[in-house]
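# quick one, structure for this:
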Amino acid sequence: MIGDTAQIDRELVEWIDGIPFSKPARNLTRDFSDAVLTAEVLKLYYPRHVELHNYVPANSVNTKRENWKMLNRKVLMKLDMKLSSDTIYQLANGSQRAIEKLLTKLRMKVLKDGVEMHKLKLKDVEEEKIGDGSPENDGYLKLPVESSNKFDVDNEIREIKPSKFTCLKRGILVVFSWIMCLFRIWNIFSCCIPSRFRRRDALVNVTTERIEDANGENVQRTIYSELKKDLREKEEVISTLNHKIAYLESSMKLKDLRISSLAGQILQNAVEMDQSAKSQSIDGVRAKLRSRSHNFHETKAN
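Model prediction:
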């Protein structure tokens, strides 16, 4: 069993290495946890189902979970690979062996779909070959011979037993005359249909119209359910975008706070420098005044 899992892991790694990703996949559990690389794998094999701009690289667990939910709803459910909420939680949190199981299942799905598509192509080619073959032509070639042989046998029967042929001919004429009589009687009867039969036909028409109206209502309900589903998906996309906008706004607020704090520090440093310069100039003036007063007193004493 351990050897089988090692072989499966080796084949899985070789398969992943052969896929061109937007970033190198060095650690499957970490690099595939935000569902972006998984979406790229699905885009490679099922391009009609995947839109890569819906999946944003993320580091937070909530955003990773939203990516997995969207991938599950838009792609994996259509491929009969629906994920449970526990599996989505494990994939977003980078649980051990979770992404390996999913990628192994996806690889088996890709191989199976490729084999089925190859079988369908071979079947179409065989049908084209059968359509272009010669068995039907051989049958067409053999038909005239069989019909000619049958015609000869009928001639022999007519020559041998003419009384039976005449009896058969008379019987056919009698049956045909009876059919013509019944047809004429039916035409006369159809012209004289009572009103109750017409009412019955009217009731049948009303019921058919009601059935058609019910079918129309069912079609409208299906359209309404599809529109409601699309609206729900768009609302989920809008909610994810609102989360991203809130994150960007919070980061902008943090940057503004840092800028304002740095500007306050710069202003405070400038004020302190001005105060120190003023104090130094005042001290210099006082020193000059003292020296002058001292010199004046000395000269006065002399």
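# where does the stretch 101-250 of the chain dip in pLDDT?
By pLDDT under 70, the low-scoring segments of the stretch 101-250 of the chain are 115-164, 189-217.
# same thing but at 80, please
Within the stretch 101-250 of the chain, the stretches with pLDDT under 80 are 114-169, 183-184, 186-219.
# next up, the contacts around residue 257.
With contacts defined as C-beta atoms under 8 Å, 6 or more residues apart in numbering, residue 257 has no neighbours. In this view, the C-beta of every residue, glycine as well, is placed from N, C-alpha and C.
# next, work out how far apart it and residue 281 are.
37 Å (C-beta to C-beta, to the nearest Å).
# go on, residue 244?
Taking C-beta to C-beta, one finds residue 244 at 56 Å from residue 281.
# so which of the two has more stuff around it?
Neighbour comparison, residue 244 and residue 281: the larger count goes to residue 244, with 14 against 10 (by other C-beta atoms under 10 Å).
# got a list of what that one touches?
residue 56.
# which strand or helix spans it?
helix 195-301 (DSSP states H and E).
# go on, residue 114?
Using DSSP H and E, residue 114 falls in helix 98-132.
# can you classify residue 21 by secondary structure?
Taken by DSSP: H, G, I helix; E, B strand; the rest coil, the conformation at residue 21 corresponds to coil.
# quick check on it: phi, psi?
phi -100, psi 160 (degrees, to the nearest 10).
# that one touches residue 38, doesn't it?
No: using C-beta atoms under 8 Å, residue 21 and residue 38 do not qualify as a contacting pair, with a distance of 10.4 Å.
# more neighbours: these two, which one.
The neighbour comparison of residue 21 against residue 38 (other C-beta under 10 Å) goes to residue 38, with 24 against 15.
# distance of residue 298 relative to residue 285?
21 Å.
# one more: residue 269?
To residue 285, residue 269 is 25 Å away according to C-beta to C-beta.
# what do you get for residue 89?
Taken as C-beta to C-beta, the span from residue 89 to residue 285 is 76 Å.
# over to residue 33?
Per C-beta to C-beta, residue 33 is found 71 Å from residue 285.
# okay, those two: which has more neighbours?
Using other C-beta under 10 Å as the criterion, residue 33 and residue 285 rank with residue 33 on top: 26 against 10.
# and for the closest residue to the more buried one other than its chain neighbours, the neighbour number?
Spatial nearest neighbour of residue 33, excluding adjacent residues (C-beta to C-beta, 6 or more residues apart in numbering): residue 94 at 4.6 Å. Close neighbours of residue 94, defined as other C-beta under 10 Å, add up to 18.
# confirm for me that residue 94 is in contact with residue 27.
No: taking C-beta under 8 Å as the definition, residue 94 is not a contact partner of residue 27, at 9.1 Å.
# residue 103 contacts residue 16, doesn't it?
Yes: contact criterion C-beta under 8 Å: residue 103 and residue 16 qualify, at 7.0 Å.
# shared neighbours, the two?
residue 28.
# relative to residue 74, how far out is residue 52?
Counting by C-beta to C-beta - residue 52 and residue 74 are separated by 12 Å.
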